[in-house]
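*Asks:* Sharing a sequence plus its predicted fold:
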Amino acid sequence: MRIILLGPPGSGKGTQAQLLVQRYGIVQLSTGEMLRAAVAAGTPVGLKAKEIMASGGLVPDDVVVGIISDRIDQPDAKKGFILDGFPRTVPQAEALDELLKHKHLKLDGVIELRVNESALLNRVETRVAQMRERGEEVRLDDTPEVLTKRLASYRSQTEPLIHYYSERRKLSTVDGMMAIDEVTRAIHRLLLALGAVEPKTHTKGPTKSAAKSVVKAAPAKPGAKKASKKAKTAKKAGKGAKKPTKSAKKAAKKMSKKAVKKAAKKAVKAAAKKGAKKAPKKVTKKRAKR
């Protein structure tokens, strides 16, 4: 994810940038911090910037772009970055476009935090008045007068970037006057729409409860209902056969006793018949001998 946050002083860019860093594991690239880091590291671009800063001059755009180029190449910026404080002018935006094109990188979007300037001034005036009532020290750069100058500078230098990125269909706008968490959610929705981040997906198979719900929700085929009814009746019948009732057991015992008696009677009759048939033969044999 590679984005730029635009907005006047007091719009909450710094707060939202930190929240994005924590949520997505990307880095916030601040031109001031990058300049100081490059000077401390003694890089070729940093040494050049050091000479210019030492003489009291403003660091030119090509030097700043060179420092950004070195910073983007570092491993922690591979996942993405938020540019804070750069670009401030249209020429800087054009230089950034060339840099990203040279590195084969894509700028996902530019998010503008739009705020009401008069409301911002009222907030600062209220905050300063409350601090003075409590006897607290007020920062020199945190006064309505300073904010008025910074807002005027933003309008003249940075506001043209809104038109620049709007023409290139890179600009999205969020109401910066909302609560902090609401602004954060709005930015997240924009990032999803831009394709800068991916929605969370679950690659694991469905749970047992999910599988049950799918089975319940699946519509039955026309012949399936009859088959299921037959299966249920057969199951019930099977259960009844396996577990006979007490009355059924008694009836079975009575039937078995009757069957035994009948079989005994038949056996006695059969034996009697056989004896009767054999007896005459013996008699006739004796008579014949006589």
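*Replies:* On my side now, so go ahead.

*Asks:* OK, contacts around the nearest residue to Arg71 once chain neighbours are set aside?
*Replies:* Leaving aside its sequence neighbours, Arg71 sits nearest to Met34 (C-beta to C-beta, 6 or more residues apart in numbering; 5.3 Å). From N, CA and C alone the C-beta is placed, and that goes for glycine too. Contact analysis of Met34 by C-beta atoms under 8 Å, 6 or more residues apart in numbering lists 67-68, 71.

*Asks:* now Pro60: how far from Gly195?
*Replies:* To Gly195, Pro60 is 34 Å away according to C-beta to C-beta, to the nearest Å.

*Asks:* again, but for Gly135
*Replies:* For Gly135, the distance to Gly195 - C-beta to C-beta - is 51 Å.

*Asks:* neighbour count winner among these two?
*Replies:* Looking at Gly135 and Gly195 with other C-beta atoms under 10 Å, you find the greater number of neighbours at Gly195, namely 10 against 6.

*Asks:* Which residue ranges of the stretch 1-150 of the chain form helices?
*Replies:* Secondary structure of the stretch 1-150 of the chain (DSSP state H, counting those that start in this stretch): helices located at 13-24, 31-41, 44-54, 61-72, 90-102, 117-133, 144-153.

*Asks:* What is the neighbour count of the residue lying closest to Val115 once chain neighbours are set aside?
*Replies:* Nearest residue to Val115, sequence neighbours excluded (C-beta to C-beta, 6+ apart): Gly176, at 4.2 Å. Using other C-beta under 10 Å, Gly176 is surrounded by 23 other residues.

*Asks:* cool, Gly42 as well?
*Replies:* 9.

*Asks:* for Ala17, same thing?
*Replies:* 20.

*Asks:* got the contact list for it?
*Replies:* Contacts of Ala17 by C-beta under 8 Å, 6+ apart are 5, 28, 82, 84.
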